[in-house]
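Engineer: Need a 3D model of the following:
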Amino acid sequence: MFILVNGLLAGLGLAAMLALGDGLFATQTFPVLIDVSYVPGMENLPSIVELLIHLLISIVLAFFLMHFYPRGQAAAVAKYLGYWNLGFALAYVVFSWLSRTSMSWVGFLIWLLGHLLYSVMLMVQMERQR
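Structural biologist: Numbers count the residues shown, from 1 in each chain. Prediction:
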C-alpha cells in the first residue's frame with residue numbers, strides 16, 4: 001500500500017509539474033509524458049486513459065526505486081537518485097522522438113526538474129519510513 005500511494009502521489013506531482021511548465025513556458029513535456037500513440041492498438045486513447053497509464057507506470061517505477069533504495073549514507077542515496085534521473089533524462093529524448101514532439105532545452109529542463117521532484121518525493125517518503 002505504501003508504494004501504491006506514494007507512486008500515485010509522485011506521479012501526480014510529476015504530471016502537475018510538467019503541465020504547469022508547459023503552460024508557463026509553452027513547451028510540450030506533458031504530452032511526451034502521457035503519449036502512448038506509438039504503441040500498436042493505443043493510437044486513439046482518451047487523454048485520461050493515457051494519464052492513468054502514466055500513473056500505473058509511476059507505481060511500477062516507484063516499486064523499483066524504493067525496492068533498491070540504498071539505506072545508509074547520503075552519498076549513496078545521491079548517487080542512486082542521480083542514476084535514476086539520468087535514465088529519466090534519456091527517456092525524454094526517446095519518448096519525444098517516439099511521440100514526434102519537438103524537443104527544446106527549456107522542455108528538457110522542465111522534464112528534468114519534474115522528474116527530480118518525482119525522485120525527491122519518493123526519497124522523502126523512504127527516509128520517513130526508516
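Engineer: Give me the spatial nearest neighbour of the residue nearest the centre of the chain, chain neighbours excluded.
Structural biologist: Nearest to the mean C-alpha position of the chain, by CA atoms, centre = their mean, lies His115 at 4.8 Å. Spatially, and ignoring its direct neighbours in sequence, His115 is nearest to Phe88 (3.8 Å; CB to CB, 6 or more residues apart in numbering). (C-beta placed from N, C-alpha, C; glycine too.)
Engineer: which residues of the protein score low on pLDDT?
Structural biologist: 130 (pLDDT under 70).
Engineer: what about the helices in it?
Structural biologist: Along the chain, the segments classed as helices by DSSP state H run 2-25, 29-34, 47-67, 74-98, 105-129.
Engineer: now, of those, which is deepest in the fold?
Structural biologist: Burial of the helices of the chain is given as mean neighbour count (mean count of other CB atoms under 10 Å); helix 29-34 ranks first at a mean of 25.
Engineer: what does that helix rub up against?
Structural biologist: 14-15, 18-19, 21-22, 47, 50-51, 53-54, 92, 95-96, 99, 101, 107, 110-111, 114 (CB atoms under 8 Å, 6 or more residues apart in numbering).
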